[in-house]
Structures are given as structure tokens and as C-alpha cells.
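Student: pasting the sequence and the predicted model now:
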Amino acid sequence: MMAQDDIPNEAHERQKVAAILGVSTFILIVMALVVTVAIPLLDKDDTNSNPISKPILSICYRTKYPQICNASLPETARNTTDPQQLAKAALQAAITTLRDTIENATLLTAKVNNASLPGLKNCGELLRTAVDDVEDSILLIDLLGQQSNSQGVMSKLKVLLSASITYQVTCLDEFRNRTLHKEVGQGMDAILASSSTVTSNGLAIVTSLESTLNSTDGNASKISRRLQGVASGNELTRVRGDFPSWLNSEKTKLLDATPEIINPDIIVAQDGSGQYRTIGEAILKIPRHRNSTFVVYIKGGVYEERINISRSMTHVMIMGDGVTATRIIGNFSYGGGVPTFKTAIAAIYGDHFIARDIGFGNYAGAGFHQAVALKVQSDMSIFYRCRMDGHQGTLYAHSYRQFYRECTIAGTIDFIFGDAAAVFQNCRIEVKTPRVDQFCVVIAQGRNDSLQTTGFVIQNCIITADQMFINSSIYNSSNPYDKNFLGRPWRPYSRTIVMESYIDEHFNPEGWLPWYGNFELDKVFISEYNNWGPGAPKAKRVRWEGIQNLSQQEVSMFTAAKFIQGDDWISSTGTPYAPSFTRRGLENNSTETIL
């Protein structure tokens, strides 16, 4: 994500790739990769001049890039009529292309100065994670015929492939934002176009596989028979997640119980009353790859340290004494020379993570661009009664499924951003006082592909300005809140739904701000449904083509049970949770309200 005063015209930048790659070194390297995916254009209806099987034609026709789909499938897949095998072949092609991308990125960057090396390191890390997710997706396709919860398996498949695309886009951000060698940034754009295209095709094929299995009688009955057998626990743990729940019966009320009742596995206390005085020491003792919850209790105190819950640390819960009592803070920022992706004070990678009664803060200040307090790359993660405090980029909800309940999130610019599938229920979202030359934006959602299952849902929340901003005299205009916006679309298919929430008067009545001119405003998906408060009326809202007026039935697809499959993993934890609508007067809704 770029700084507010450095927003690129991405469409224009891509048009200049060929010219910038005029330097011979970069032409040779980039062309080496392009040759591997470039093929003659094939008309979708042309079945005579190319010996392509009908199943491949059918499955590739449903992708955005059918020619590349056909070219990327190996010869071994060309004689099969099994859609699952074709899907596996497409994902294997994505893995091969991703690995080629990692190798070519290394070659490209070897020609330039040290300023690009942090971008290369971060990019390599991101692409390797993308490979892991596609590999796990192949395992899930094998499980599809064995696992009783086929819809849960399919949901996980699409979550992983959506995240793989997000990782590739984030890799490109690292080069665009950090490199001082412009040709390298543009060269990476060209190189990553190959892997992201093949991964997008894989997601499209998996999505079509779901509809094929649901609609084709032969395959449906075949799958139905196979689903009578349930995969063993060992098979399920080969991939990152199990179905439908993951907490054992003794720990289903962790989010309601006191630390004394829970009997935590580790206690951290600065006064020496626990096993460790720092959170970092405790994290080193967390076991890897657990299938039951490991609880770390952090007693009250201000912990000025960075924490990292690694990808292998699954089923970890950290709990504190309250958002003002237990605080994890730091000061790292893009303006201070740190890549956005690495500014987080707390970075969460392990799946099935829970945080309760903790405050996370990045106090870099309003003038230091992106400074992340909390970054989350954890599937099926829960944050309950937490606070995320910062300025630009406070909460980086990067990828996978996330649930936030009764949290406070405060910041100035794009302070809830990323490409997760995230639901925020009963949260308080506060705009803080910016610099005089800044505007404030709450949400910057980064969905990059129309088939990604990602987006932000703000439900039954309070969206307001904090009291210091309300009392400040930072603006001399009669209405200082004209510069406050609900959000702006970060990527072409950005998706945000604000529903059943209170919006106060401290926001521009237009509501939404474009990222750059009119770029991709026809592709975004933004909807406001059944909100209230002085800032909720939609009469003066922007009229972009991507603004959606949804019916109750349509918006129900974005409730927590359906959008992030919350019934499978949230309710079993004891977390307060509304699977459907929350406001009074709606059909099939609970009567709870936060106001």
C-alpha cells in the first residue's frame, strides 16, 4: 500500500513496462520467462485446428486466460476426463510457474543495488508461502472425495488459493514500494504477471469444479458415495485446518473464563510472578503444530517488544488483563525505512489463533506513512475485546478468514487494510486526528481477482471519530470532516460491505474515495445495508458502477456464517457471535445490538 501522497496510476505504470524493459539485461531475463507461457491466441470456439480434448476446452473456457490455461496443463492431463484431476494439474502448473518466478526474481535483482535486497527477501518469503498454499490445495482436492464436510473442504480450497494470489500481489508491492531501480520494479511486474495468471486460472477451475460437482448427476452421485467415508485425523492435519471445529470440549469457553479458571500453559509477567518476563521468551516455548489450544496469559503491563506467532504455531491463544492494562507496543514505519510488510508490532501467521483482552499499538505518528500495529495472516483467527491503535495502516488484515468481535480499531489513513475475508462485529472504529494536509480513510480492501473469496464486512459496529479529533481545531473550515471517508478501493475488485452499523456525522456524505481517478471503479464491490446514524443516509453517496444496492437475501451471503463459514470454527470457542443479521426487525436475526 502506497503512502497517501504517493499514489501510483497502476494502469499507466503497466503500459510503460515494455519501454522500461529496453535495457538489454532485463529484456533477456524477462523474455526467458515470457516464452514459457506465451502461445498463439486461440479462439474459444476453435476446436478444429488444435488437438485439445473437450474436458480441457470446457474447463479452460471458464478461466480468465483460456489460452494460458491450455498451454500450462501438462501432457499427462490431456487424456483425462476427471475434473478433479484437471484441477490438480492446473494447480501443479501454478506451483511450477511460482517456482520459476522465484528463480527469475533472484536473477533479475542480482543485477542491481542493495536497495532492492529487502524487497527480494520479502518477496521470496511471500512467494514460498504462496507455493505452500497451492500445495495444500492439491491435498484438499484429494480429500474432497473422502471428507464428510465437502463444502468445508471446498471453502478451504478457495481460501488458500485466494491467499496465494494475495501473496503474489504483496510481493509486487514490495518491489514497487522499496526498489530504487525502476527497471527491477517493472521487470517484477512482468514476471509476476505469469504466476498470478496461472494461479488465477487455478482458482477459476476450482470454482468451476464446485459447480460441476453440485450440478452434474454422475459426478454428484459419485462424490456423494465417496463422502460416506470420513478422512482420518492424520489426513486432515496434512493441510492447514480441520473441519468443522478445532477446540476440545474442555476449552470451548476460553473466551469467557478468567485466567485462574483457564489454567494457562505459560504466564508472562513483568514483575516476575510468571515463568517469563517478556512475551518473546514465552513465544520461544510454544510447541509447534498443535491440534489443541495452547494458552499464554500476559499479565498487565506495557510490553515494548515485537511478537511473531509463526506459521507452525497453530492453536495459540494469548490473553491479557484488558486493552489498557496489557499492551504490546512499538515504533516501526515505512517512513522510518521499514517495508510496510515488516512494520507490524504483532505479526500472526499460525492458524486458529485467538487474542483476548490485549492492546496492540504502533506509535510511529501520523507523518510516518504505513505503521502496522497488527498484521494477521492466520486462517480462522479470532480477536475478542482487543484494541489496535496507530495512524496509517493500523490493522493489516492480510489474508485468510478472520473474525473481530468487540474490538476498537483506531487510525487515520487506510487503517483497516488488506485482502483477508474478515468480519468485524460489534466493534468500535475510530478516526484519529490526522496532519493538516491529510485526509482520513477507514477501509482499503485489496481484492485483486473477481473469484477471490475475500472482502471486509463491517457489521453492527460504531464508526466514529475519536474524542481528541472531535475536540481538535486542526481544520479551519466550517466542516473539518469533509476529509473523512469510509473507505477507498485499493485493488480492482476491492469488496467492502458495511451493514447494520452506526455511522456518525464525522464523515463526508459521499462516503467513498477513489484510489486514483476513475481507475477500475466499475469492478469494485461496495455496499451499505441497513445502517443508521447521521452519517448513514446514502442520498449523497458516490454513484460508481461498483456501488451495490443489495437485497436482504443478497446481503445475507456476507453474514459471518456464510462468508467466513463461522459456524464451523467460531461458535465452538465460546466467542459471542452472530451468524446472521443482528439488527432488530430483520427476518431470522438475533435481537442483540451494541447501541
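Tutor: Thanks, I have it. Numbering: from 1, shown residues only.
Student: just for the stretch 151-300 of the chain, where's the confidence low?
Tutor: Along the stretch 151-300 of the chain, segments meeting pLDDT under 70 span 177-183, 185, 212-253.
Student: all helices of it, in order?
Tutor: Using DSSP state H, counting those that start in this stretch, the helices of the stretch 151-300 of the chain run over 182-215, 217-226, 233-236, 259-262, 279-283.
Student: how far off centre is the last one?
Tutor: It refers to helix 279-283. Computed by CA atoms, centre = their mean, to the nearest Å, the chain-centroid distance of helix 279-283 equals 26 Å.
Student: how about it as CSV, C-alpha atoms only?
Tutor: C-alpha atoms of helix 279-283 as CSV (Å, rounded to 0.1, in the frame of the first residue of the first chain):
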residue,chain,number,x,y,z
ILE,A,279,6.4,-12.2,25.5
GLY,A,280,9.3,-13.1,23.2
GLU,A,281,10.7,-15.5,25.8
ALA,A,282,7.3,-17.2,26.1
ILE,A,283,6.8,-17.5,22.3
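Student: tell me what that helix is packed against?
Tutor: Contacts defined by 3 or more CB pairs under 8 Å, 6 or more residues apart in numbering; DSSP states H and E place helix 279-283 against strand 266-268, strand 294-298, strand 307-309. (Each C-beta comes from the backbone N, C-alpha and C, glycine too.)
Student: could you rerun that using 6 Å?
Tutor: When contacts are defined as 3 or more CB pairs under 6 Å, 6 or more residues apart in numbering; DSSP states H and E, helix 279-283 packs onto strand 266-268.
Student: which residues outside the strand it packs on are in contact with it?
Tutor: For strand 266-268, the surrounding residues in contact (CB atoms under 6 Å, 6 or more residues apart in numbering) are 274, 275, 276, 279, 282, 296, 297, 298.
Student: what's across from the last one in the sheet?
Tutor: The residues listed as beta-bridge partners of residue 298 by DSSP bridges are residue 268.
Student: surely it meets residue 320?
Tutor: Yes: applying CB atoms under 6 Å, one finds residue 298 in contact with residue 320, separated by 4.8 Å.
Student: quick one on the thing from earlier: list buried residues within the contacts of strand 266-268.
Tutor: Among those, those scoring as buried are 274, 276, 279, 282, 296, 297, 298 (criterion: 16 or more other CB atoms under 10 Å).
Student: list the contacts for the fourth one?
Tutor: Right, residue 282. Counting by CB under 6 Å, 6+ apart, residue 282 has contacts 266, 268, 276, 296.
Student: re earlier: identify the contacts common to residue 298 and residue 320.
Tutor: Shared contacts of residue 298 and residue 320 (CB under 6 Å, 6+ apart): residue 326.
Student: could you look up the SS state of residue 131?
Tutor: helix (DSSP: H, G, I helix; E, B strand; the rest coil).
Student: that one: what's it in contact with?
Tutor: So residue 131 contacts 95, 98 (CB under 6 Å, 6+ apart).
Student: distance check, it against residue 171.
Tutor: Distance from residue 131 to residue 171, counting by CB to CB, to the nearest Å: 12 Å.
Student: nearest to residue 462, of the buried ones among the contacts of strand 266-268?
Tutor: residue 298 (26.9 Å; CB to CB).
Student: determine which two of the contacts of residue 282 are furthest apart.
Tutor: Among those, 276 and 296 lie farthest apart (CB to CB), at 9.2 Å.
Student: will you turn the buried ones among the contacts of strand 266-268 into CSV that also has distance to residue 140?
Tutor: As requested, the buried ones among the contacts of strand 266-268 are exported to CSV (distance: CB to CB, whole Å):
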residue, distance to residue 140
274, 39
276, 37
279, 33
282, 33
296, 30
297, 34
298, 35
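Student: pretty sure residue 414 is in a helix, no?
Tutor: No: Residue 414 sits outside any helix when classified using three-state DSSP, being strand.
Student: how near is it to residue 196?
Tutor: Distance from residue 414 to residue 196, by CB to CB: 22 Å.
Student: next: residue 275.
Tutor: Applying CB to CB, the value for residue 275 to residue 196 is 45 Å.
Student: again with residue 496
Tutor: In this view, residue 496 and residue 196 are 22 Å apart by CB to CB.
Student: now do residue 99
Tutor: 14 Å.
Student: quick revisit: name the nearest of the buried ones among the contacts of strand 266-268 relative to residue 125.
Tutor: Using CB to CB, these come closest to residue 125 at residue 279, 22.5 Å.
Student: that closest one reaches residue 306, doesn't it?
Tutor: No: Residue 279 lies out of contact with residue 306 (CB under 6 Å); the separation is 9.1 Å.
Student: flag the shaky bits of this structure, pLDDT-wise.
Tutor: Residue ranges of the chain with pLDDT under 70: 1-52, 109-119, 145-148, 177-183, 185, 212-253, 473-480, 583-595.
Student: what's the first-to-last distance across stretch 419-436?
Tutor: 29 Å (CA to CA, to the nearest Å).
Student: buried stuff in it?
Tutor: 419-434.
Student: keep only those of these that are in strands.
Tutor: Within the buried residues of stretch 419-436, residues falling in strands by DSSP state E are 421, 422, 423, 424, 425, 428, 429, 430, 431.
Student: tell me the secondary structure of residue 485, please.
Tutor: strand.
Student: correct me, but it touches residue 513?
Tutor: Yes: counting by CB under 6 Å, residue 513 is a contact partner of residue 485 at 4.4 Å.
Student: more neighbours, these two?
Tutor: The residue with more neighbours, out of residue 485 and residue 513, is residue 485; 21 against 18, by other CB atoms under 10 Å.
Student: dig out what the more buried one forms beta bridges with.
Tutor: Bridge pairing for residue 485 - DSSP bridges - gives residue 441.
Student: distance check, it against residue 443.
Tutor: In terms of CB to CB, residue 485 sits 9 Å off from residue 443.
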